[in-house]
Structure formats: structure tokens, C-alpha cells
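**Q** Next come a sequence and a model predicted from it.
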Amino acid sequence: LGQPMISIKKLAWDNPLEVTFTTSVMPEVKLPDYKKISKKHAEKKSDTKFEAEDKEIENVLLEIRKGKAHTDWHKENPDEKDHASHPDFNKEENLPALDDTLAQAMGPFKTVDELKTKIKENIIKEKEMKEAEKRRIALFDELIDATTADVPNILIEGELAKMLGGLKDDVARTGMTFEDYLKQINKTEEDIRKEWRTGAERRAKMQLVFNKIATEENITADPAIVEAETKKLLELYTDADPERARVYVESTLINENVVKFLEGKTSEKKEEAK
């Protein structure tokens with residue numbers, strides 16, 4: 001795993017060269033009965049029928065009106081930078097009317113009722129997704145805890161690098177430098193690395209679990225999809241290494257198929273196996 005550490009032990013004229021290569025190796029992974037565990041969590045699926053309360057729909061509509069008011073004001077005042085002069089968008093009189101015109105500005109809606117229907121659908125979907133995510137996290141946690149594997153440091157460091165990279169990207173999108181962000185939270189990058197190390201180790205262990213299950217169950221990724229997704233990725237990140245991009249895409253797709261398998265969605269798995 002990764003690049004080896006190279007140590008020259010002997011380098012002298014007319015003598016044999018002695019070099020030591022030290023590298024991390026893929027650990028032995030002892031899985032629990034993952035089929036039994038996944039079945040147990042699948043059986044915990046709630047029969048709850050989620051609904052969208054009127055108040056929840058009203059709150060979304062209010063945020064839509066505030067957002068529209070804010071956008072419209074900036075269009076009318078493109079050079080205005082003084083935030084103190086912004087209207088108070090918490091006041092009803094500064095918000096656009098909740099009518100069909102507003103609905104039509106928000107997308108393919110003709111009426112407010114159509115907009116409300118879509119908002120209701122989205123609220124219900126979000127609740128269902130959160131419920132499914134809770135079950136998925138519980139499944140992953142049990143798999144991680146029940147799996148025996150010594151996670152190499154290089155894998156933990158790799159996960160930490162991904163997590164920190166994501167944080168830096170998020171901070172950059174706000175227009176703030178990472179250095180200023182660290183000052184704001186009164187922490188160093190090393191502080192964050194220490195805080196996140198346990199999480200990074202669990203993420204690395206989960207990847208080992210996925211790899212082992214994929215091998216045991218012969219779960220692969222469709223080569224045509226890998227090729228298509230790699231092409232998209234390289235078009236987006238023109239400086240990326242093609243081989244690394246392909247490996248990343250293939251790994252991501254295999255992970256998705258392993259999750260489908262664990263959640264009982266075996267039809268996708270069988271299709272990939274063909």
C-alpha cells in the first residue's frame with residue numbers, strides 16, 4: 001500500500017548495495033456474518049408513513065419568498081454593497097406575494113398549488129431519506145465494530161486527507177481562506193486532524209469491509225459505466241491523472257453496488273455480475 005520508505009544501508013565502492021524497503025501491506029480482514037447483520041437492519045425498516053405538515057410547507061414557502069426578494073433587490077441594485085441599506089426581508093411588506101407569478105418564477109409550475117404539491121413531495125422524500133440514512137449508518141457501524149482488521153496508518157492518513165480536502169473546499173466556497181477559518185475557530189490544522197482521526201480510521205476500516213465483501217460476493221462495476229463516468233470526471237478536472245481518476249470512479253461504483261447488496265437490492269448486484 002502506498003509508496004515504500006527507502007533506507008540505504010550500505011553504499012561503498014566495490015561493495016554490494018544494501019537497501020531496505022519498508023511498506024504498508026493490506027491487512028487481513030475477518031468479516032462477521034454480514035448477510036445476517038444486513039438482514040437484521042433491513043427488517044428494522046419503519047412502516048411509518050411520513051407526512052408534510054402545513055407548517056413545514058409554510059416555512060419553505062416563506063424561505064422561497066425571502067430568497068426571491070433578496071435576489072430581486074440585488075438585480076435592481078447591482079452596485080449596492082452597503083448591507084445596512086438592505087430591506088428587512090423578515091417583514092411581510094418586503095416580500096413578494098405568494099401567488100401564481102411567484103410559483104412560475106420558481107420553475108415549471110403554473111400555480112401556487114402546484115408549487116405546494118412539489119414542496120410537500122420534497123419534504124416527504126427528505127424525511128424518508130433521513131430515515132434510510134439512519135438505518136444505513138447503524139448497519140455500517142455494526143459491520144465496522146464486528147470486523148477484525150488492523151487498519152494501516154497510510155489508509156487512515158488517506159481518509160484524513162480527503163476529509164480535510166473537503167473542509168478546505170467548503171471554506172473556499174464561502175470566500176474565506178483556510179487560515180482565517182482556523183483563526184475563527186481557534187484551532188490548528190493539527191487539532192482538526194487529531195479530532196477527526198477516529199472518524200478517519202472508521203472510514204478506512206469501512207472501505208476494507210467493502211473491499212472484502214466485494215471480493216467475497218464478486219461485486220464489480222460495469223466497465224462501460226466506469227469509462228463514461230471517468231470521462232465526465234476528466235472533463236471536469238482536466239489536470240487529473242487518468243488512471244487515478246479511473247480507479248476512483250471504479251472504487252466508488254463498487255462501493256455503491258456493495259451498499260445495494262447489503263440493503264437487499266440484489267437485482268443491481270446480479271446485473272453487475274453479468
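**A** Great, that's in hand. Numbering: from 1, shown residues only.
**Q** Identify the single longest helix in the chain, thanks.
**A** Ordering each helix of the chain by length in residues (DSSP state H) puts helix 112-146 first.
**Q** tell me which residues in the helix or strand just after it are buried?
**A** Sequence-wise, the next helix or strand downstream of helix 112-146 (DSSP states H and E) is helix 153-173. Of the residues in helix 153-173, Leu155, Ile156, Gly158, Glu159, Leu160, Met163, Leu164, Val171 count as buried by neighbour count, 16 or more other CB atoms under 10 Å. Just so you know, the C-beta spots here come from the backbone N, C-alpha and C atoms, and that holds for glycine as well.
**Q** give me every residue that touches the second one.
**A** Spelled out, it's Ile156. By CB atoms under 8 Å, 6 or more residues apart in numbering, the residues touching Ile156 are Arg197, Ala200, Glu201, Ala204.
**Q** Quick one: mean pLDDT over stretch 122-142.
**A** For stretch 122-142, mean pLDDT is 94.
**Q** contacts for that stretch?
**A** Residues from elsewhere that reach stretch 122-142 (CB under 8 Å, 6+ apart): 37-38, 41, 44-46, 48, 50-52, 56-57, 60, 206, 259, 262-263.
**Q** can you check stretch 226-239 too?
**A** Residues contacting stretch 226-239 (CB under 8 Å, 6+ apart): Ala240, Pro242, Ala245, Arg246, Tyr248, Val249, Glu250, Leu253.
**Q** Just to be sure, which of these are found in strands?
**A** The strands, defined by DSSP state E, take in nothing from these.
**Q** Which ones among the residues you listed map onto helices?
**A** Reading helices off those with DSSP H, I get Pro242, Ala245, Arg246, Tyr248, Val249, Glu250, Leu253.
**Q** Distance check, Met26 against Leu1.
**A** As judged by CB to CB, to the nearest Å, Met26 and Leu1 stand 6 Å apart.
**Q** and for those two, which residues touch both?
**A** With CB under 8 Å, 6+ apart, Met26 and Leu1 have common neighbours Pro152.
**Q** Give me the residue ranges of the stretch 101-250 of the chain where confidence is low.
**A** Counting by pLDDT under 70, the stretch 101-250 of the chain shows no low-confidence range.
**Q** re earlier: would you mind checking the ones in helices among the contacts of stretch 226-239 for buried ones?
**A** Counted by 16+ other CB under 10 Å, those give Ala245, Arg246, Val249, Glu250, Leu253 as buried.
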